[in-house]
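one predicted model, sequence on top.
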Amino acid sequence: MSLLRNILLRREAGIAVMIVLFCLAVGMVKPQFLTLGSLRIVLLLVPLIMIGAMGQMLVIVARHVDLSIGSMLGLTAMASGMMFRHYPEIWWPLGFALSIGVGALLGLFNGLLVTMFRLPAIIVTLGTLSLYRGITFIMSNAKQIDRQYVPSALKSMSQTSPIFGIPWIIFIAFGVALLTYWFAMHTRVGRQVYALGSNPVAAPLRGINVTRVTLLVFAISGALSGLAGILYASRWGFVNPSNTGNGFEFQVIAAVVIGGVSINGGVGSVAGTVLGVLLLGCVSAALRLLGIPGTTQSAIYGAVILVALLIDRLVRMQGQKPATAGARA
């Protein structure tokens, strides 16, 4: 019983309950929502958000935030798309190397501004959000990369695979989540990220190189935004400089916060973040199935975020009661 109680008191349990209740509620109105077809739709909606959320989780755990991830996605997607358009015979996997590499450099630039000039990350990345979006327009001359320029092999990654026909893009997203879990839980640097976020003042006294860790988390965020950028071209088959990545930062930060990552740093888990991403995917799929217009979708989207945060908060309060009662005794 104590094991079951400990599981139920975890943050992730509250999010899982929210997902189940939401799916059951929608299923009562639209039974087709509780089918394998709907599950496939949900899983195809979440890969890009999940990849971006892994990088954002590390940044927020380190007590920062990266608002430029949507612009980095758009810029890296455009860079790889332009490469494919100008060099159609090039080996298409090089697009991954280009997008991830450019993304890492953009993220590193964010980290350098934060560490060298001791500027708040929210202000720095708010500025680079506009900077990177502007560079995307300039380098593309405001022209879209059309579908015929995106390699067929790249587009097929979002359509199928030899493993039960599940698209490769889904495996990549969950693979990134597993690697992030390994990094955060089983490496020294990963533990230093949590230590830095928990107490940035004491971190240097423990021998933690604050500058190196900060640069690393921003570089990882940029690299994963680059991976999401090339997979955006795979998923949708085109890259438009005006809307590629727009609003991506809101979706990612919402998923991370819903997943129980503390905006004050030092607290968060990969499992919770994955559940937060899945909840957003379920909400998005349900709203489309119910035919709810875009303006109303935004309101419902925000309401679900607030309800998920409330449930998570109640779970935390329940977990703190025994300790409080013991202290009083």
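Looks like it came in fine. Small disclaimer: the values here were computed from a predicted structure and weren't measured.

buried residues in stretch 155-162?
Going by neighbour count (16 or more other Cβ atoms under 10 Å), the buried part of stretch 155-162 is 155, 157-158. For every residue, glycine as well, the C-beta is placed using N, CA and C.

can you tell me which of those is closest to residue 108?
residue 157 (26.9 Å; Cβ to Cβ).

from the buried residues of stretch 155-162, which land in strands?
Judged by DSSP state E, the subset of the buried residues of stretch 155-162 located in strands is empty.

quick one: mean pLDDT over stretch 102-121.
Averaging pLDDT along stretch 102-121 yields 97.

what's the local residue count around residue 306?
Counted with other Cβ atoms under 10 Å, residues neighbouring residue 306 total 10.

quick one on the thing from earlier: and the buried residues of stretch 155-162, which of them are in helices?
Judged by DSSP state H, helices contain the following of the buried residues of stretch 155-162: residue 155.

take the buried residues of stretch 155-162 and write them to JSON lines, including distance to residue 107 and pLDDT.
Shown next, in JSON lines, are those (distance: Cβ to Cβ, whole Å; pLDDT from 0 to 100):
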{"residue": "155", "distance to residue 107": "26", "pLDDT": "96"}
{"residue": "157", "distance to residue 107": "23", "pLDDT": "96"}
{"residue": "158", "distance to residue 107": "24", "pLDDT": "94"}
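
rebuild the buried residues of stretch 155-162 as JSON lines, extending it with distance to residue 190.
Listed next are the buried residues of stretch 155-162 as JSON lines, based on distance: Cβ to Cβ, whole Å:
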{"residue": "155", "distance to residue 190": "34"}
{"residue": "157", "distance to residue 190": "28"}
{"residue": "158", "distance to residue 190": "30"}
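
and of the buried residues of stretch 155-162, the nearest to residue 22?
The shortest gap between residue 22 and any of those belongs to residue 158, at 25.4 Å (Cβ to Cβ).

quick one: the closest one from residue 293, how far?
27 Å (Cβ to Cβ, to the nearest Å).

ok, residue 109 - contacts?
residue 128 (Cβ atoms under 8 Å, 6 or more residues apart in numbering).

and it, how far is that from residue 162?
Look at residue 109 and residue 162: by Cβ to Cβ, they are 39 Å apart.

how about residue 239, phi and psi?
phi -140, psi 120 (degrees, to the nearest 10).

cool, residue 237 as well?
Backbone geometry at residue 237, expressed as degrees, to the nearest 10, gives phi 80, psi 10.

burial measure for the nearest residue to it once chain neighbours are set aside, as a count.
Of all residues not flanking residue 237 in the chain, residue 147 sits nearest, at 4.4 Å (Cβ to Cβ, 6 or more residues apart in numbering). Residues near residue 147, counting by other Cβ under 10 Å, number 12.

picking up where we left off before, now, which of the buried residues of stretch 155-162 sits nearest residue 248?
The closest of these, once distances to residue 248 are taken by Cβ to Cβ, is residue 158, at 16.6 Å.

that's all I had, so thanks and see you.
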